[in-house]
Each structure stands twice: as structure tokens, then as C-alpha cells.
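> build the 3D model from these lines:
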Amino acid sequence: NPDYGIPTPTLVSPPKGQKNGGNTKIGGIAPSNLEIALLKQYPFDSAVQRMTVVAKKKGAQYYTVFVKGAPEKVASFCRPETIPAEFSNLLQYYTKQGFRVIGASAKSLKHGMKWSEVDELTRSQLEEGSDFLGLIIMQNLLKKETYGAIAELHGADIVTLMVTGDNIQTAISVARDCELVKPDQTIIRVVAEDSNLGQQLSVTYSLPESETASIIQDTSQMQNMTSENYVFACDGKTFNSIRTKDPELFKRIVHRGKVFARMLPEQKIELIECLKGLGRQVIMCGDGCNDCGALKTAHAGISLSMAEASVAAPFTSRNVNISCVPYVIREGRATMVSAFASFKFGVAFCFTQLISVLMVFYIGTEPSDNQYLVVDIGLAAIPILLIGNTAPHDILAKRKPTRHLLSFLPMFSVVSFLFFQTIAYIFIWFYVRAQDWFVEYQFVQDLYPPNTSYEQTNIFLYACAASVIGAIIFSKGTPYRKPLYSNVIMGVWAIAASATVVFMSLYKSQDFAERLNFKIAPHFEFQIIAVIGIFINFLFCYFWEVYLLDGLMFQTVLPWYKEKIRGPNLEFEHLERELSNSSVWPPLGKNNDIKVGLPGGGKYPGYPLPDVAAGLNNKNQFGQQSGSHISRKDIFSKDSSRNLRKRLSGNSEEASELLSEAFENPESTPVHINKAKLIEDDDKSEIIRKAIGELGSKESKMLSDPFQSAKDRRETQC
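Below you'll find the predicted structure:
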């Protein structure tokens, strides 16, 4: 390019059609002749959490480096004097609102530098010493389908969690908004740091400040802090530290984890592998190249994009939302149940025919070719092909289907069905032999088809009925599939096959009897009783399969057996029992963020919401409005004090130290409240003293009288 003296792969300029000139200041209109060449790019990489470009404006004598990425990462290589004093507080404020925040910086290289010199600089040399430009705040509203999909998954007791590269405060806010974290669950932030020696891991369990404020403000949720209904949130750094240095703790964090933020692609893979190792069946949803490894590692990966992720994932959704997840689960369960049904029907059909043939072999006869044709083609071909054609049920059931084909219930179902059909064969065998008109079968050697027989005719009819009964009862619908009649072809076959069996049992014709090698009973009353026996057989088998096995055994007896007798089987079940029975873990430790109350007025000072969120985010992030009052009973109940006493790590001295820090540590609270204000709010201070009296077995003088010091103190107020 003659304007730049080097090749220019990318040129950017304002849209065509704008008038020349204009205000070129920030927020104004750029001149129409502005042109910038992007000469070198470092694409965004999750490992470094930023993207860098080297650019040059047309006519300029210098090159400019632009960087965008995670705000804390961008700020780490910017000149300190260019970073605002309130950078951390401002970033925390916007991320707690659920906004996506990106940091931006720029650096002008020396005038007169040649491109060859610029090209030789490393990335760190290009970025180091940049000027911090500001924060780019974006709002990515939740899709309306997200709420229904997550509610449906939770209604089926399916665990959901979030794995993202975003800021952890943003992730927690979004998880709360979409109810990925249920309203009755408390989020505990996990932070891990290496000790001074580097060999021991220091882990802190704390409540995020916004989480604490919401619990204290909404007194109906105070019980959350006293129950075991808590979940964890951590970032990628903590995730990696715990994984490498404390594998047992890592399993507990993963088991109760709900929000994993600032996660690298390889960390997403490690998370899924740990979940699989705990015995979980994992579905992963992703839409970017950073998710490809996790999509491939999960048991089922669903790509929400037609780009790179769709190559790695076995499923790709045309709709860019997670509404497909419940459908995939319902479809998968229906497929597995259909496979089990086909197997059970195939086994039942083969063995019922075998038993019937063995019984007639006893008297020296066998079915004719036409009888085999009727059974194999007319009664068996359609079910074995179409029994799995039933669509999944519209409702995602809580109870998971049986996972193993050779487990107790599927095998017991098949064996009991064969037992009942054998009893039916024995009944009709002896019943026909008990009739006055019964004639013994006469065996003739080398005669085919063999002589007709009353026993063989009725055994064959009952074997045909067994095929139809097995196809119907093994094609059950709810809770995983739609009813049998929704499978139109299978439903029509069931009606036609039932009518065929009844027709063959009642129809009297010499030509019909000769074609099927039947010996029809001379009395019609016997045929009616035989048909009634078939209906009784069907009703009993249907009741046994649907109500006793699937209803009583599967829904009631088997869960009771697993809970009361067998106990936990998979590793995550052992972990859940262990954590549920523990009242002292996780310890809300010494360096925690639990506040005794809320800052005065409840407002976060000085930070307006961006224009894009005006009117959309009027909720108070840190508590109540000014002038609101919470009674002592609402804030410090006996249950909450007992829970805090249990979860404080260490002895009573550490408990006193923690509460002392709530008054004295300048970093523990965000605002100043002077002594005069505290005296005005004497009733609120009385609440603090009462709470301290309940929690600490050894009170320090400082805690007994928070007004001893003449210095201005930073304190929280209830």
C-alpha cells in the first residue's frame, strides 16, 4: 500500500455517505477521510484474556498499539498514573449489575520507528506501559427461553452450573437473574491463595457482598445461612490451585459448584472430567472455539453456533439458546427406554414361541409353515421395527430411567412375563384336555404337515396372543414417552393384531382350518372361554408391568432400597451425604466478607449506571433505601447466630477477632460513618452489641463498647 509503505491486510474507515468535517471529539462524528490500517493482530486468547492490534492512521508518523480484554488483565500492564483511583470499585459495581465489562488501553510507539523495528517487538514489549483508556460496558440480556429451560431442568432435579470466561461478579449476577442459582440457595465464594512457603494452600470461604446484602435485606431468606443449601462460586485461578494441591477439596468444590468464572478452555475440560469421575452424566452447551474441548469431553455436547463449536459437538442447535437442552434429555431418555422395550419384546417373543413349541413337541407335533408365517411376519415384524418410533414425552420427569439393560427391573420384567405366559399355556393345555370332546393326538411318522391337534391349536393361539400382549405392555408411554396411540403405525398394528388373534380364536371354517392346520373345538362356548382367558392374561400382565413394576417397584420400592439399605453408590452421592450431614463446613473463615449489616442508606456512592441500562436496573445493589429499618429479630435470629458460630473457623478468640474486624478493618466496609451518626442510631448499635453477645463466648472490650476510640471508624450498621 503506497500510503503506508507496507502491505495492509485490513483497512477500517467510517461508513460512507457522511459529511466531511464534524466534531472529532469523543462521542462526535469522525471525519469521512479517516482511515486506519490494522497491520498486526494478536487474536483473543482465553489464556491471556486479551486481544492486541498494531495500527497506523493514514498520514501519521507513528504506530499505535490497542489492547482490549479482561479489565484487570489490561490494567496490569498499564501505567499506574493512567488508571483511575476508583478503578476496582467501579469495575466491581458494574459487574455486580450483570454487565459485561471490557478494559481498553492504547500505546503510541516512538515517532520515526520503522515497521521492521515494530515487527520485531514481542507482544509484552508492545503492551507494556500502555495508557488506560477506560471500560467498555455491554449489556447482554438473557433470552426469554433461558428462564423456562432452567426451570424445567430444576423441576426434574437436574443440576445446572455455569462455566464462563466472564468476571465472577458478572457470572454470579447472571446466575441469580436466570435462577440458575435458586432463590433459596446461598452462594459462597471460594478463594485460594498459596501460603508464604508455597506448599500449603490457604482457602477462604466468604459471602459476596451483594449476596450478604440480599440475605439481610430479605429477612425471609435468613434461614439460608443456617441450612446446608449452599453452592460455591470460584474463578479459574482458585480452580487451578485447589485442583493441583488439594484433590479431595477439589471434588467437594466441583460437586457443590454453581459458578465457575474466568475459566480457560483446558480448565473447562478438567471440570467436566471431574464431574464424570464423580459419576455424573454431563451435557455441555457452548458457542465458541474455547468450548470445543469441553464439548467433545462431555457425554453430550450441544453447540449453539454453526461455527467452530459445531465441529466438535455431536449436537448442533439451530436456535441460539439453551431451550434445546431439556429436549435433548427427553429425546435421549425416550431413545434408551425404546431400546430397552425393543430388547424386552425381542427376548419375550423368542422365548414365548420356544416354550410353546417345546410343549407341542411333547406330544410329537409341531407348528405348520403357515403358522410360523403368521407369527413371524404378521405379529413380530412390525413391533420390532416400530416399537421405538414413539416420540418423547412433553414433560421432563424427575425419575431417571434404568441405565443398565441387565439390571434387576428389566430382567425381572421379562422373566415374570415369560412365567405368566407359561402359566397361560399350562392352563389352556389342561383345560382343553379336560373337555368331553377332546381326542388324543395321533402321531404319524413322516407326515407333514402333521395331524391336527386340539392342544397345538390352542397353544398356538395363546402364543400369538402372548406376542401381541408383549408388544403392547412393553410399548408403555409415560413418563418418558408419549402414549402408544401417538405412534400411529404401531397403534394401528396393535388394534389389527388384537383383532386377528380374536378372529382366529372364534372363526369356524373348514378351509381356514386346513390352511393353518387347526383343529377347531366343536363347542363355541369353549372358544369364548379361551378368548376371555386371553383378555384376563392381557389385563393381568398390563397391571403387573405398568402399576406394580413401573409404579410401585420403580417409583417407590427401588428408591427406598437405594436410600435405606444400599446407601450411596456413586462418588457424588457419597459427597452429597457427607456435606449434608456436616454443620461446620464450609467454614466462613477469618478473612471472610460477611458483614454484620448494611452501609448506611444502602446506596453505593458515586457510580451511575450506563445509559444502556437506564430504567432497566433500578434495583439497589447493596441493600435497603435510606430510612428503612430492620428489627433485631429479623436480622439476628437464633438460627443465624448458631450457624455463624458453627461455621467460624477456629475458637472463640477467632470469632471475636472476626467481629472486631467488621468494626475496625478499613477494608471490610465501603463507607465512613462518624461517631455522631452512630450515637443517633443508638438503637442499631444496640443490635450489634446483642449479636456479639450471642456469637462470642469471650468478648473483648473493643466489641463490648464500640465507642471507646475517639478516632473516626468505618463500621457497618444494621
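> which helix or strand contains the residue lying closest to residue 388 once chain neighbours are set aside?
Nearest non-adjacent residue to residue 388, counting by C-beta to C-beta, 6 or more residues apart in numbering: residue 338, 3.3 Å away. Placement of C-beta: from N, CA and C, glycine included. Assigning secondary structure by DSSP states H and E places residue 338 in helix 324-361.
> residues touching the helix or strand that comes right after that helix, excluding its own?
Going down the chain from helix 324-361, the next helix or strand is helix 369-373, by DSSP H and E. Residues outside helix 369-373 that contact it (C-beta atoms under 8 Å, 6 or more residues apart in numbering): 449, 460, 515, 516, 517.
> now do the fourth one against residue 287, distance only.
To tie it back to what came earlier, the one meant is residue 516. Using C-beta to C-beta, to the nearest Å, residue 516 is found at 62 Å from residue 287.
> SS state for the residue nearest the centre of the chain?
In the chain, the residue lying closest to the centroid (C-alpha atoms, centre = their mean) is residue 160, at 2.5 Å. Secondary structure, DSSP: H, G, I helix; E, B strand; the rest coil: residue 160 is coil.
> likewise residue 531?
helix.
> thought it was touching residue 506?
Yes - in this structure, residue 531 is within contact of residue 506 by C-beta atoms under 8 Å, at 6.5 Å.
> between these two, who's got more neighbours?
residue 531 (16 against 13; other C-beta atoms under 10 Å).
> ok, now which ones touch that one?
Residue 531 makes contacts with 502, 505, 506, as judged by C-beta under 8 Å, 6+ apart.
> in what helix or strand does the second one lie?
To tie it back to what came earlier, the one meant is residue 505. Using DSSP H and E, residue 505 sits within helix 488-506.
> try residue 260
Assigned by DSSP H and E, residue 260 belongs to strand 257-261.
> mean confidence (pLDDT) on that strand, please.
Mean pLDDT, computed over strand 257-261, is 94.
> repeat for stretch 356-373
Here the average pLDDT along stretch 356-373 is 92.
> what residues sit buried inside that stretch?
Using 16 or more other C-beta atoms under 10 Å as the test for burial, stretch 356-373 gives 356, 357, 359, 360, 365, 366, 367, 368, 371.
> likewise stretch 236-246?
Neighbour-count burial for stretch 236-246, counted by 16+ other C-beta under 10 Å, picks out 236, 237, 238, 239, 240, 241, 242, 243, 245, 246.
> I figured the first one hits residue 261, correct?
Yes - under the criterion of C-beta under 8 Å, residue 236 makes contact with residue 261 at 7.2 Å.
> thought residue 365 was touching residue 456?
Yes - if you go by C-beta under 8 Å, residue 365 and residue 456 touch, sitting 5.1 Å apart.
> shared neighbours, these two?
residue 441.
> now the helices for the stretch 151-300 of the chain?
Taking DSSP state H, counting those that start in this stretch to define them, one finds helices in the stretch 151-300 of the chain at 168-177, 209-217, 236-245, 247-256, 265-277, 292-297.
> burial check on the closest residue to residue 203 other than its chain neighbours, number of neighbours?
Nearest residue to residue 203 in three dimensions, chain neighbours excluded: residue 192, at 4.9 Å (C-beta to C-beta, 6+ apart). Neighbour count for residue 192, taken as other C-beta under 10 Å: 22.
> go on, residue 282?
Using other C-beta under 10 Å, the number of residues around residue 282 comes to 19.
> so what's it up against?
Going by C-beta under 8 Å, 6+ apart, residue 282 touches 272, 275, 276, 298, 299, 300.
> may I ask which two of those are separated the most?
275 and 300 (12.7 Å; C-beta to C-beta).
> so the two - more neighbours on which side?
Of the pair residue 275 and residue 300, residue 275 is the one with more neighbours under other C-beta under 10 Å, namely 23 against 17.
> for the closest residue to the more buried one other than its chain neighbours, give its distance to residue 169.
Computed as C-beta to C-beta, 6+ apart, the closest residue to residue 275 that is not its neighbour in sequence is residue 282, at 5.0 Å. To residue 169, residue 282 is 26 Å away according to C-beta to C-beta.
> list the contacts of residue 428.
Going by C-beta under 8 Å, 6+ apart, the list of residues near residue 428 reads 458, 459, 462, 530, 533.
> one more: residue 464?
Shown in contact with residue 464 (C-beta under 8 Å, 6+ apart): 374, 375, 379, 500, 501, 504.
> switch to 6 Å and redo it
379, 501 (C-beta atoms under 6 Å, 6 or more residues apart in numbering).
> state the distance from it to residue 175.
Using C-beta to C-beta, residue 464 is found at 58 Å from residue 175.
> likewise for residue 425?
Using C-beta to C-beta, we find residue 425 at a distance of 60 Å from residue 175.
> which of these two has more residues huddled nearby?
Using other C-beta under 10 Å as the criterion, residue 425 and residue 175 rank with residue 175 on top: 25 against 22.
> circling back to that earlier point, quick one: list the elements packing against the helix holding residue 338.
Helix 324-361 is packed against helix 144-155, helix 408-433, helix 454-473, with contacts defined by 3 or more C-beta pairs under 6 Å, 6 or more residues apart in numbering; DSSP states H and E.
> let's see 7 Å
Where contact means 3 or more C-beta pairs under 7 Å, 6 or more residues apart in numbering; DSSP states H and E, helix 324-361 is packed against helix 144-155, strand 283-286, strand 300-303, helix 381-386, helix 408-433, helix 454-473.
> pLDDT of the longest one, averaged?
Taken as a whole, helix 408-433 has an average pLDDT of 95.
> which parts of it are buried?
Quick answer for helix 408-433 (16+ other C-beta under 10 Å): 409-410, 413-414, 417-418, 420-422, 424-425, 427-429, 432.
> what does the first one give?
By neighbour count with 16+ other C-beta under 10 Å, helix 144-155 contains the buried residues 146, 149, 150, 152, 153.
> what's that helix packed up against?
helix 324-361.
> how far off centre is the helix it packs on?
Averaging C-alpha positions (C-alpha atoms, centre = their mean, to the nearest Å) puts helix 324-361 30 Å from its chain's average.
> so who does the residue nearest to residue 388 touch?
387, 388, 390, 481 (C-beta atoms under 7 Å, 6 or more residues apart in numbering).
> number of residues surrounding the third one?
Think residue 390. Neighbours of residue 390 (other C-beta under 10 Å): 24.
> quick check: it is in a helix.
No - counting by three-state DSSP, residue 390 is not found in a helix; it is coil.
> so what's residue 78 bridging to?
Counting by DSSP bridges, residue 78 is bridged to residue 130.
> and it, how far from residue 341?
64 Å.
> over to residue 241?
To residue 341, residue 241 is 49 Å away according to C-beta to C-beta.
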